[in-house]
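>>> curious how this folds, go ahead:
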Amino acid sequence: MDYKQQVAAALSDAVDGALSTEDIYNKIERPKDSKMGDYAFPAFVLAKVLKKAPQQIATDLIEKIDQSKFEKIQAVGPYVNFFLDKAIFSSDVLSQVIKAGASYGDNDSGEGGNVPIDLSSPNIAKPISMGHLRSTVIGNSISEILKKNGYNPIKDNHLGDWGTQFGKLIVAYKKWGVEEDVKKDPITNLVKYYVRFHKEDVDQPELDDEAREWFKKLEDGDKEATRLWTWFREESLKSFNAIYEKLGVEFDTFNGEAFYNDKMQEGIDWLKKMGLLKESQGAQVVDLEKYNLNPALILKSDGASLYITRDIATAIYRDKTYKPAMNLYVVGSEQTYYFQQLKAVLLEMGLPSAKELHHIPFGLITVNGKKLSTRSGRIILLDEVLDDSINMAKKQISEKNPDLPNKDEVAKQVGVGAIIFGDLKNERTNSIDFNLEDQLRFEGETGPYVQYSHARAESILRKAGDTEINADNTIMTDPEAWDTIKTLADFPATVIEAKEEFEPSDIAKYAIRLAKTFNKYYAHSKILEEDDEKSARLALVKSVSVVLKESLRLLGVQAPDQM
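Sure thing, here's the model as predicted:
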């Protein structure tokens, strides 16, 4: 039941048409302190219409509102504060969660629509560094949130497996590479060669000419160039997939840039047919003045393609293959202008899915305030950070609970989960300065804190033994439980809000809030005491366990039952 709507309806009857029910609904607030009520209406929004002081309006409304469906209604200054009937509300919320289980909060607003999500997208022959973490975990979480809202997400790891960097890498390998070294540790050595290339080409600019020649050979299908490119790609994917497995992230496709090499001409022909391509200093551009954007460069003066040429081909392919309800690109904020240009070009082309192309930007991840860069050699490997986090988690778990079964598996869930949660609790457009020790704390707003709260709930349920928990015995009058029950009721709306904003932090912040209210309730209540509300209290604990686990799942974080 939408209790906010119930409040709006009660107010609507009392204001005699001075404000629509929808406007009232949108003005209703949630007091920070439950002592001030569960919902509040600011009467000053009616002051101009009714030509009265807000305090008087609030007092007058109290006289007109039907209070029979509420515990009480009070006028406090310019506010009308509504207190819900705790017994009815708690029974309604807890029975919903118990009946639905992990499906609580599901909705079908997406109507099964396909949503390709472009995420992670590391470059071949380079390691997955901490710089790749954000696109991977944000995109993966958005995928789960979309699924919860009834969409069919398609996770596409659009690999950077083409471009002039491969010419540079081939030159570097030919000059300084040792095949045996590459076979033993491909990524480390290939990066070493790539970094050396960029140091050497400062004094030897002719290296760039050689690199362009080798990439041209690759484009033309040269056997040696193709052999090396294929080898680099295969070795890279083995390395990537080991890290993705550790993160618990899976993909539906790995269609990288090379996949679209033979598909670019269709987009170019489409642009020509519509008269959108214009010559500018020998190059081919699309005029985007009507969008207040610079012209989009589609082909260089020598006819060479660019990123946007491939991205047009990608959009056409996804449009034909998936008939997308939305098309999402989880790429850093520094590419915002580029995606504005790409969308504008696709709109000019009349591509059906262009209107629902969304760039999902995110801020930088820094370490000690410094930006990460493969080219400069300033890399922090994600795999090493994950291993460090798992080892640190194992040490903490051994100190806190030395007899814990499956200690290694729980340490992995906690260690990896801490890094994912530590990223996703931040609003995605904010930049993050990474600190592993902070993220691994079992206190505060961390992944381990939320996981531990879930494990605590499971521990209580184990102690309860065979006590029956059902959806028909969920009436609670304990005021200590009220904030937790209201927070549980907020979950379905939070799921929708996270989808609307493409914002996993909504879910992470919700999980922290639920964990906090539950731990406060746990500290003040004797949950296993034998009385008439024991079953209802256990229903509350079960509900918290279910919703915390589901919240973590939406973030890509596991929830161990014991810690």
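
>>> all strands of the stretch 101-250 of the chain, in order?
In the stretch 101-250 of the chain, the strands defined using DSSP state E, counting those that start in this stretch lie at 114-118, 152-156.

>>> domains of the chain?
3-84, 114-366 (automatic domain parsing).

>>> just name the most buried of those domains.
Ranked by mean neighbour count under mean count of other Cβ atoms under 10 Å, these are led by domain 114-366, which reaches a mean of 18. No exception for glycine: its C-beta is placed from N, CA and C like everyone else's.

>>> measure that one end to end?
By Cα to Cα, to the nearest Å, the extent of domain 114-366 from end to end equals 34 Å.

>>> OK, contacts around the residue nearest to Asn157 when sequence neighbours are not counted?
Leaving aside its sequence neighbours, Asn157 sits nearest to Phe251 (Cβ to Cβ, 6 or more residues apart in numbering; 4.5 Å). Contacts of Phe251 were listed using Cβ atoms under 8 Å, 6 or more residues apart in numbering, and they are Ser120, Lys155, Asp156, Asn157, Tyr244.

>>> same thing with Lys407?
Lys394, Ile397, Ser398.

>>> what comes up buried for the helix or strand harbouring the second one?
What that stands for is Ile397. Ile397 is part of helix 382-400 when elements are defined by DSSP states H and E. The neighbour-count check on helix 382-400 (16 or more other Cβ atoms under 10 Å) flags Leu382, Asp383, Val385, Leu386, Ser389, Ile390, Met392, Ala393, Lys394, Gln396, Ile397 as buried.

>>> likewise stretch 90-110?
Neighbour-count burial for stretch 90-110 [16+ other Cβ under 10 Å]: 90-98, 100, 104-105, 110.

>>> where does pLDDT dip in the protein?
Scanning the chain for pLDDT under 70 picks out the ranges 1, 368, 372-378.

>>> for it, which helix is longest?
The longest helix of the chain (DSSP state H) is helix 223-247.

>>> what's the first helix or strand after that helix?
helix 264-273.

>>> how far is that following helix from where the chain is centred?
Centroid separation for helix 264-273 versus its chain: 34 Å, with Cα atoms, centre = their mean, to the nearest Å.

>>> which other helices and strands contact that helix?
Secondary-structure packing of helix 264-273 (3 or more Cβ pairs under 8 Å, 6 or more residues apart in numbering; DSSP states H and E): strand 296-299, helix 307-322, helix 336-349.

>>> same thing but at 7 Å, please
Judged by 3 or more Cβ pairs under 7 Å, 6 or more residues apart in numbering; DSSP states H and E, helix 264-273 is in contact with helix 307-322.

>>> quick one: residues contacting Arg428.
Ile138, Phe362, Glu503, Pro504, Ser505 (Cβ atoms under 7 Å, 6 or more residues apart in numbering).

>>> how near is the last one to Ile432?
What that stands for is Ser505. Distance from Ser505 to Ile432, counting by Cβ to Cβ, to the nearest Å: 11 Å.

>>> please apply the same query to the second one.
As judged by Cβ to Cβ, Phe362 and Ile432 stand 9 Å apart.

>>> who touches both of those two?
Counting by Cβ under 7 Å, 6+ apart, nothing touches both Phe362 and Ile432.

>>> any idea how far stretch 471-488 is from the chain center?
With Cα atoms, centre = their mean, you get 30 Å for stretch 471-488.

>>> what are the contacting residues of that stretch?
In contact with stretch 471-488 (Cβ under 7 Å, 6+ apart) are residues 34, 38, 86-87, 89-91, 93-95, 97-99, 513-514, 517-518, 521, 524-525, 533, 535-536, 539-540, 543-544, 547.

>>> which parts of the following helix or strand past the helix holding Ile397 are buried?
Once the chain leaves helix 382-400, the next helix or strand it forms, by DSSP H and E, is helix 407-424. The neighbour-count check on helix 407-424 (16+ other Cβ under 10 Å) flags 407, 410-424 as buried.

>>> just to revisit the earlier point, so which of the contacts of stretch 471-488 sit within helices?
Per DSSP H, the contacts of stretch 471-488 map to helices at 86-87, 89-91, 93-95, 97-99, 513-514, 517-518, 521, 524, 535-536, 539-540, 543-544, 547.

>>> quick one, helices of the stretch 451-563 of the chain?
482-489, 491-501, 504-524, 534-555 (DSSP state H, counting those that start in this stretch).

>>> deepest-packed of the ones you listed, please.
Mean neighbour count (mean count of other Cβ under 10 Å) peaks for helix 534-555 among the helices of the stretch 451-563 of the chain, with a mean of 24.
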